[in-house]
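Colleague: Show me the folded form of this:
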Amino acid sequence: MVEGRDGNFVEGLARGLSILESFDRTNASMTLSQVARRTGMSPAAARRGLHTLASLGYIRQVDRHFVLSARILTLASAYLQAAGSDDLLLPELRRIVGTFGAAASIAVLHGTDILYVAHYSEERSRRIVASVGTHYPAHATSMGKVLIAALAAEQLDAYLEHADFRPLTDRTIDNADDLKRVIAECRKNGYATAVDELDYGITSLAVPIRNAQGRVLAAINCSGYSGRVTAERLVAERLEDLIGSANRIGRVLDANPALAQSFHL
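Modeller: Numbers count the residues shown, from 1 in each chain. Here you go, the predicted model:
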């Protein structure tokens, strides 16, 4: 549900964006009824939205199924170019990966998920792949824990009320009480780790990215392959370096308000 609707709110535009956002890795091709169900629209409203998006070239129909077209990339490209995120954020992520290997990412909190705004990896693997625009349940990730820990009391209550604690692995936090304990530790230590919680084979460490006023804008992480590294080893060998990266990116965001403002979802 969209808050703050007024006379300037365009319902049709909101529905169109809702349709676009309903497509993901596990729902890459959907029928009309599936789109209607995932968006909460009536079949008639979903049909009109799909027809409009297809006419604009953002969706293609293949038999009875609908898929996103490559033109959807122009929307993401517009953000990347306007905000300059690649030029401003990727150099630090490349430095981290060049130093430690594996992958590094920056994410913001979007509802009960984290949304990747920058990512760099040395290689692809069989495990879950992250990329710009990817979103995952916040409680199952190190960056998510850091971002949840930055929430005010009322915001945290709202998060816990709406979070889906369905386990992704046998290591995933699956209840609010356990998450509260983890968040308390994160607030005390200033960092969070995750081991095989989002997917098997991923061990990660994350710290907050703050602006000059101390407000948490995003989180940055570095990761390794479970079995090759442990959470304790990441903390011992990478925490200080990762905090330095977070501080440098914080200064970059302070110097580039357009990019910083785009992180406020």
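Colleague: What ranges does the protein have for its helices?
Modeller: Secondary structure of the chain by DSSP state H: the helices cover 11-22, 32-39, 43-56, 73-83, 85-100, 142-149, 153-162, 176-189, 231-255, 257-262.
Colleague: can you list the weak-confidence ranges in the chain?
Modeller: In the prediction, the chain carries residues with pLDDT under 70 at positions 1-6, 77, 79-84, 123-130, 265.
Colleague: any idea how far the residue of it most remote from its centre lies from residue 207?
Modeller: Taking C-alpha atoms, centre = their mean, the residue of the chain most remote from its mean C-alpha position is residue 63, at 32.1 Å. Here the criterion is C-beta to C-beta, to the nearest Å. By it, residue 63 lies 48 Å from residue 207. Glycine gets a C-beta too; all of them are placed from N, C-alpha and C.
Colleague: OK, contacts around the spatially most central residue of the chain?
Modeller: For the chain, the residue nearest the mean C-alpha position is residue 115 (1.5 Å; C-alpha atoms, centre = their mean). If a contact means C-beta atoms under 8 Å, 6 or more residues apart in numbering, then residue 115 has 107, 108, 109, 133, 134, 135, 265 as its contacts.
Colleague: run the last query once more with 6 Å
Modeller: Counting by C-beta atoms under 6 Å, 6 or more residues apart in numbering, residue 115 touches 107, 108, 135.
Colleague: most neighbours, which of the residues you listed?
Modeller: When the contacts of residue 115 are compared by neighbour count (other C-beta atoms under 10 Å), residue 107 ends up highest, at 31 neighbours.
Colleague: measure the residue nearest to that residue when sequence neighbours are not counted to residue 105 for me?
Modeller: Taking C-beta to C-beta, 6 or more residues apart in numbering, and ignoring the residues beside it in sequence, residue 107 has residue 114 as its nearest neighbour in space, at 4.1 Å. Counting by C-beta to C-beta, the gap between residue 114 and residue 105 amounts to 9 Å.
Colleague: The two: which has the busier surroundings?
Modeller: In terms of neighbours (other C-beta under 10 Å), residue 114 is the more surrounded of residue 114 and residue 105; the figures are 33 against 29.
Colleague: any idea how far residue 70 is from the more buried one?
Modeller: The spacing between residue 114 and residue 70, counted by C-beta to C-beta, is 26 Å.
Colleague: Could I get the contacts of residue 115 in TSV, plus columns for distance to residue 224?
Modeller: Written out in TSV, the entries for those read as follows (distance: C-beta to C-beta, whole Å):
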residue	distance to residue 224
107	17
108	23
135	22
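Colleague: and of those, the nearest to residue 27?
Modeller: residue 135 (13.0 Å; C-beta to C-beta).
Colleague: beta partners for that closest one?
Modeller: Under DSSP bridges, the beta-bridge partners of residue 135 are residue 115.
Colleague: need the contact list for residue 116.
Modeller: Going by C-beta under 6 Å, 6+ apart, the list of residues near residue 116 reads 105, 107, 130, 132, 134.
Colleague: Pipe the residues you listed into CSV and attach distance to residue 45 per row.
Modeller: Supplementary listing: the contacts of residue 116 in CSV, determined by distance: C-beta to C-beta, whole Å:
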residue, distance to residue 45
105, 36
107, 32
130, 33
132, 30
134, 28
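Colleague: nearest to residue 144, of those residues?
Modeller: For residue 144, the closest of the contacts of residue 116 turns out to be residue 107, at 7.6 Å, with distances computed as C-beta to C-beta.
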